[in-house]
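Engineer: Here is my input; please provide its structure:
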Amino acid sequence: MDKTDWIRCPKCSSKTRTMIREHTVLEDFPLFCPKCRYTCVIRFMDGKLEEIKQPDAKTQS
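Structural biologist: Numbers count the residues shown, from 1 in each chain. This next block holds a predicted model:
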């Protein structure tokens, strides 16, 4: 049986509404936190969560 767990928000560390398994691979996945209302794009591989920094529309020239 695979172990499942909730993805945690990179900003406030609370549980999001997305569950993952040990072997899950996510690439450019939009993640929303219902508690702090933070939205980001993440990468999840080998049990490690990485937030992908994207340029803000205001900083584009």
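
Engineer: which stretches of this protein have low pLDDT?
Structural biologist: 1, 59-61 (pLDDT under 70).

Engineer: Quick one: the strands in the protein, in order.
Structural biologist: Listed in chain order, the strands of the chain (DSSP state E) span 4-8, 15-21, 26-32, 39-45, 48-52.

Engineer: for those strands, which one sits closest to residue 58?
Structural biologist: Proximity to residue 58, assessed across the strands of the chain by Cβ to Cβ, is greatest for strand 39-45 (15.7 Å). Bear in mind the C-beta positions are built from the backbone N, C-alpha and C, glycine included.

Engineer: quick one: residue 53 from residue 35, how far?
Structural biologist: Residue 53 sits 21 Å away from residue 35, going by Cβ to Cβ, to the nearest Å.

Engineer: Out of these two, name the residue with the larger neighbour count.
Structural biologist: Legend: neighbour count by other Cβ atoms under 10 Å for residue 53 and residue 35, higher for residue 35 (12 against 8).

Engineer: Thought residue 12 was touching that one, still the case?
Structural biologist: Yes: Residue 35 is within contact range of residue 12, at 6.0 Å (criterion: Cβ atoms under 8 Å).
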